[in-house]
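Colleague: Give me coordinates for this.
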Amino acid sequence: MPKILPVFIPFSGCKTKCVYCNQNGISGQHVTSLQEDVLQQIEYFLRFNSKWDEISYFGGSFSCLPKESRLSLYNIARQKGFFNIRFSTRPDCISEEMLNEFKENNVKVIELGIQSLSNMVLASNNRPYSKDLALQSIDKLTKAGFDVIAQIMTGMYQESFDDLKYTVDELVNKDIKGVRIYPTVVLKDTKLAEYLREGKFTPLSFEEIFVRTAYAYIKFAARGIEILRIGLQDGLSLKNSIISGIYFPAFGDMIKTFILILYIKHFNKLLVGETEIKKLPNYKGILKKYFSDKIISVNNSEEFSIKDICAKLEIITGEDNWGQSEREVAKFAKEIWSQTDDRPA
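Modeller: Numbers count the residues shown, from 1 in each chain. Take a look at the predicted model:
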């Protein structure tokens, strides 16, 4: 993975506020002057490391910014020695005339906040675009040669498991390079926090958010789509902002360990090259403690591949419709992990 210098521009370019969103709480940044704030963040990171592969503008909707603001941020990146640029934005802010602008300013990767492909879920969460527009934006960008990273959420307000499955199943058939998966948490100073207080929203249980997130991970990994991140980036500001929902800094490692447990449950064993055992995801040593007799070392040179594991599980999930066995494993995960310092609620 490239080494990315992250610059947060919370809510910049956002014309609406999604019910779950508090970018200031997530990033810890409060923009007063966009250009000055960006420069301060870049200087902060350059003090620790002078070598970065690219710069990113996250936390807002970059392409929704006025053109003069976008040009200013491109210029700042060039002045600071960055050749490759990526940014996050919304699907409704991608126009044909912008594509040349992006290319002329060395934009290589565009992260699209898809979140869901259910029109009902999008509208309920105040996302200002439709499923069709989101898919059209992906096609427009990939056809123009940009690498697209799709950002999705699990457990959104009004989302059913069928909504999540539909979103994932549509995206795996698109030419996206990667995905970020964010389980929904309730942040202070959001509409979702009001819904929680009013009893209009109840966050999913540990087991359910786990199963939905694992479903997404398995589907994307089986198709060779890189999962860049699961869960929000850890930080004190974020921890102080969360009032409900399932959040752990090591949620990605939890999910990958869960997937191996699920594989063992279905196939009764896991064959691993003798040099590859140490590379297995093994959150809190759970695999070694509970499943060491099911992990069999074999004398071959094959590298461990989570993609191959997920490809085999994808067939199983299609056959049994992602059913009771997955929830049993998730329940086991909760019981085990509740004994650790993370203590899932």
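
Colleague: Residue nearest the middle of this structure, spatially speaking?
Modeller: Note on the chain: the residue nearest the mean C-alpha position is residue 180, at 2.1 Å, using Cα atoms, centre = their mean.

Colleague: part of a strand, is that one?
Modeller: Yes - with DSSP: H, G, I helix; E, B strand; the rest coil as the criterion, residue 180 is assigned to a strand.

Colleague: Kindly state the beta-bridge partners for it.
Modeller: residue 151, residue 229 (DSSP bridges).

Colleague: again, but for the one 5 residues further on
Modeller: With DSSP bridges as the criterion, residue 185 is bridged to residue 245.

Colleague: per-residue confidence for it?
Modeller: Model confidence at residue 185, given as pLDDT, is 93.

Colleague: okay, now it: neighbour count?
Modeller: Look at residue 185: counted by other Cβ atoms under 10 Å, it has 23 neighbours. C-beta here means a position set from N, CA and C on the backbone, and glycine is covered the same way.

Colleague: ok, it - contacts?
Modeller: Contacts for residue 185 (Cβ atoms under 8 Å, 6 or more residues apart in numbering) come out as 20, 203, 232, 242, 244, 245, 246, 247.

Colleague: who are the neighbours in contact with the residue nearest to the centre of the chain?
Modeller: Going by Cβ under 8 Å, 6+ apart, residue 180 touches 111, 149, 150, 151, 152, 227, 228, 229, 230.

Colleague: Just the buried residues out of those residues, in ChimeraX syntax.
Modeller: Buried subset of these, written as a ChimeraX selection, criterion 16 or more other Cβ atoms under 10 Å:
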select :111,149,150,151,152,227,228,230
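
Colleague: Format the contacts of residue 180 as CSV; extra columns: distance to residue 6.
Modeller: Formatted as CSV, those follow (distance: Cβ to Cβ, whole Å):
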residue, distance to residue 6
111, 11
149, 14
150, 18
151, 14
152, 19
227, 18
228, 12
229, 12
230, 17
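
Colleague: between the contacts of residue 180, which is closest to residue 53?
Modeller: Nearest to residue 53 among the contacts of residue 180 is residue 228, at 14.0 Å by Cβ to Cβ.

Colleague: what residues does stretch 126-134 touch?
Modeller: 15-19, 90-92, 112, 114-119, 122, 170, 191.

Colleague: Now the buried members of those.
Modeller: When the contacts of stretch 126-134 are checked for burial by 16+ other Cβ under 10 Å, the buried set is 18-19, 90-92, 112, 114-118, 122, 191.

Colleague: Let me have those residues in a markdown table, adding secondary structure as columns.
Modeller: Output for the buried ones among the contacts of stretch 126-134, formatted as a markdown table (three-state DSSP):
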| residue | secondary structure |
| --- | --- |
| 18 | coil |
| 19 | coil |
| 90 | coil |
| 91 | helix |
| 92 | helix |
| 112 | strand |
| 114 | strand |
| 115 | strand |
| 116 | coil |
| 117 | coil |
| 118 | coil |
| 122 | helix |
| 191 | helix |
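
Colleague: how about those residues in TSV, adding pLDDT?
Modeller: Below are the buried ones among the contacts of stretch 126-134 laid out as TSV (pLDDT from 0 to 100):
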residue	pLDDT
18	90
19	94
90	94
91	96
92	94
112	97
114	97
115	97
116	98
117	98
118	98
122	98
191	95
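
Colleague: and these, which two are the farthest apart?
Modeller: 112 and 191 (22.3 Å).

Colleague: Dump the contacts of residue 185 to a markdown table, plus pLDDT.
Modeller: Output for the contacts of residue 185, formatted as a markdown table (pLDDT from 0 to 100):
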| residue | pLDDT |
| --- | --- |
| 20 | 94 |
| 203 | 95 |
| 232 | 81 |
| 242 | 90 |
| 244 | 92 |
| 245 | 89 |
| 246 | 84 |
| 247 | 83 |
